[in-house]
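Provide a 3D model corresponding to the input given below.
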Amino acid sequence: MSSSLETADQRIYRLGDFRLASGQVLPDAFIAYRTYGDASLPAIIYPTWFSGRLADNEWLIGDERALSPRRYFIIVPALLGNGQSSSPSSSAGAARPWPATTVRDNVTAQHRLVTDGLGVARARCVLGWSMGAAQTYQWITQFPLFSDLAVPFCGSARTSLHNQVFLEGVKAALLAAKGAASAGSCAGEAAPPDGGQYRPWSRDERAVGLKAFARVYAGWGFSQAFYRERLYETVLGYKSLEDFMINFWESWALSKDPENLLAMLHTWQAADCSDQEPYDKDFEKAMRSIKTKTLVLPGKTDLYFPPEDSEYEVACMAPGTGKCIPFPSIWGHWAGGPGLNPMDLDWLDEKLKAFLEDGTW
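Purely as a prediction, here's the structure:
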């Protein structure tokens, strides 16, 4: 099955029957990935973000950028559930509900890809935006000696309670379209009250649910100041707020599969790099264990990954291990990607260039 999914822009690494941290097995699992640069160069691992596809990471890759294929072997693995790696949408015959996958499951799969599949024994850097940042933290706590450097930006080592509440809002809006409900944070879709079986989405339910999902999400992705200053008009070129809602937010959501979104929402809500041995949910212990020099770049106005959370993460690290520098931006979460604001992109690129060169903060 997985070999048929390979294209010129997407390779597939087969995992077989992949045992998850929960004990469940994801049958005939696979991870999609793409590489840039020669395999002899220092490796950089750059995972995708919530709903992002492999090509959506390319905004930060280029010959003149910090992530230059002329200097690094850049590995972009796709998140489980994103529609390219094993996902509900690519596993039509699989049982429902979809097995709950975690950030730990993703990084375990990525480690197999990187080491067994690509022959990389050590990385120069692991980095990522949003859920890519969560995967970055998982890498440096699960495999603490694998990478020299790490750069989690606009993300967190553990999904905060407030962030879980935000995600419950978008999840409930999506599920309501087919008369379903959330079973709670990290708990997926509630079982039908009449004891019935899982019911797939109708065409109309998908459209209504995804549009509702988009409009709830719209209040979180960008900051209050972004909307107050109407940057969606003056910078992004939309004619009005409604034009932005329809042609930015709804357009994005309608390109996604609702079951894939629910699978990734679980991964996001449950993210906690201390939920593994030897930390046993001792978050401070997990942060103290980090040996990788880590540059943490939160968004100053990010509504669901606020700088205060990042500052606490760095404060828990051993002295000299981490540094927190917020994006000086009013673009909210979108300050960290995917390259919509050239000023934020240039700021990030300069930070990455200095850090990758010699570990300079």
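
which SS class is the residue sitting furthest away from the middle of the chain?
In the chain, counting by CA atoms, centre = their mean, D194 sits farthest out from the average C-alpha position, at 35.0 Å. Assigned with DSSP: H, G, I helix; E, B strand; the rest coil, D194 falls in the coil class.

got the phi/psi numbers for it?
With angles defined as degrees, to the nearest 10, D194 sits at phi -90, psi 10.

okay, it and G184: tell me how far apart.
D194 sits at a distance of 20 Å from G184 (criterion: CB to CB, to the nearest Å). No exception for glycine: its C-beta is placed from N, CA and C like everyone else's.

now do the helices in the protein.
Taking DSSP state H to define them, one finds helices in the chain at 103-112, 131-142, 161-176, 203-221, 224-228, 231-234, 241-244, 251-254, 258-269, 283-288, 307-316, 342-358.

could the C-alpha coordinates of the fifth one be exported in CSV?
Read it as helix 224-228. The C-alpha coordinates for helix 224-228 follow below in CSV (Å, rounded to 0.1, in the frame of the first residue of the first chain):
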residue,chain,number,x,y,z
GLN,A,224,-5.8,41.0,18.8
ALA,A,225,-3.4,43.6,17.5
PHE,A,226,-3.2,41.9,14.1
TYR,A,227,-7.0,42.3,13.7
ARG,A,228,-7.1,45.7,15.3
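
may I see the buried residues of it?
Going by neighbour count (16 or more other CB atoms under 10 Å), the buried part of helix 224-228 is 226-227.

quick one: mean pLDDT over that helix.
For helix 224-228, the mean per-residue pLDDT is 99.

same deal with the first one?
Helix 103-112 comes out with an average pLDDT of 99.

buried residues in stretch 163-182, which are they?
Neighbour counts using 16+ other CB under 10 Å place 163-164, 166-168, 170-171, 173-178, 180, 182 of stretch 163-182 among the buried residues.

relative to D358, which of those is nearest.
N163 (33.8 Å; CB to CB).

now the closest residue to that closest one other than its chain neighbours: how far from G188?
Closest residue in space to N163, ignoring its immediate chain neighbours: Y304 at 4.7 Å, by CB to CB, 6 or more residues apart in numbering. Y304 sits 20 Å away from G188, going by CB to CB.

how about Q10?
Q10 is 27 Å from G188, by CB to CB.

what residue ranges in the stretch 201-350 of the chain score low on pLDDT?
The model of the stretch 201-350 of the chain has no residue with pLDDT under 70.

what's the strand ranked longest in the chain in contact with?
Identified as the longest strand of the chain according to DSSP state E is strand 25-36. Strand 25-36 is contacted from outside by 1-2, 5, 9-20, 54-55, 61, 67, 69, 72-78, 80, 82, 84-86, 94, 99, 101, 105, 109-110, 113, 118, using CB atoms under 8 Å, 6 or more residues apart in numbering.

buried ones in that strand, by neighbour count?
Here strand 25-36 shows 26, 28-34, 36 as buried, counting by 16+ other CB under 10 Å.

same check, this time on stretch 307-314
For stretch 307-314, the neighbour count (16+ other CB under 10 Å) marks 307, 309-310, 312-314 as buried.

nearest to P144, of those?
Nearest member of those to P144, counting by CB to CB, is E313, at 15.2 Å.

list the contacts for the nearest residue to that closest one once chain neighbours are set aside?
Leaving aside its chain neighbours, E313 sits nearest to A157 (5.2 Å; criterion: CB to CB, 6+ apart). For A157, the contacting residues are 134, 137, 141, 272-274, 283, 286-287, 313, by CB under 8 Å, 6+ apart.

now those residues as CSV including distance to G332?
Output for the contacts of A157, formatted as CSV (distance: CB to CB, whole Å):
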residue, distance to G332
A134, 18
Y137, 21
T141, 27
D272, 23
C273, 24
S274, 27
F283, 25
A286, 27
M287, 25
E313, 19
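
any of these buried? List them.
134, 137, 141, 272-274, 283, 286-287, 313.

between the residues you listed, which sits nearest C125?
Nearest to C125 among the buried ones among the contacts of A157, with distances taken as CB to CB, is Y137, at 13.5 Å.

report the separation between the closest one and R53.
Y137 is 22 Å from R53, by CB to CB.

picking up where we left off before, would you mind measuring from the residue farthest from the centre of the chain to G179?
Counting by CB to CB - D194 and G179 are separated by 11 Å.

do the same with K239
Following CB to CB, the distance that separates K239 from G179 is 35 Å.

again, but for S223
34 Å.

go on, T321?
For T321, the distance to G179 - CB to CB - is 49 Å.

number of nearby residues for the closest residue to W220 other than its chain neighbours?
Once flanking residues are discounted, W220 sits nearest to L303: 5.2 Å by CB to CB, 6+ apart. L303 has 17 neighbouring residues, counting by other CB atoms under 10 Å.

what residues does L303 make contact with?
166, 220-221, 223, 332-333.

circling back: give me the buried entries from the contacts of strand 25-36.
Going by neighbour count (16+ other CB under 10 Å), the contacts of strand 25-36 have 2, 10-15, 18, 20, 54, 61, 67, 69, 72-78, 80, 82, 84-86, 99, 101, 105, 109-110, 113, 118 buried.

test my guess that F213 contacts A172.
No - taking contacts as CB atoms under 8 Å, F213 lies outside contact range of A172: 9.6 Å.

didn't N247 look like it was pressed against Y238?
Yes - using CB under 8 Å, N247 is in contact with Y238, at 6.5 Å.

the more surrounded of the two?
Y238 (18 against 14).
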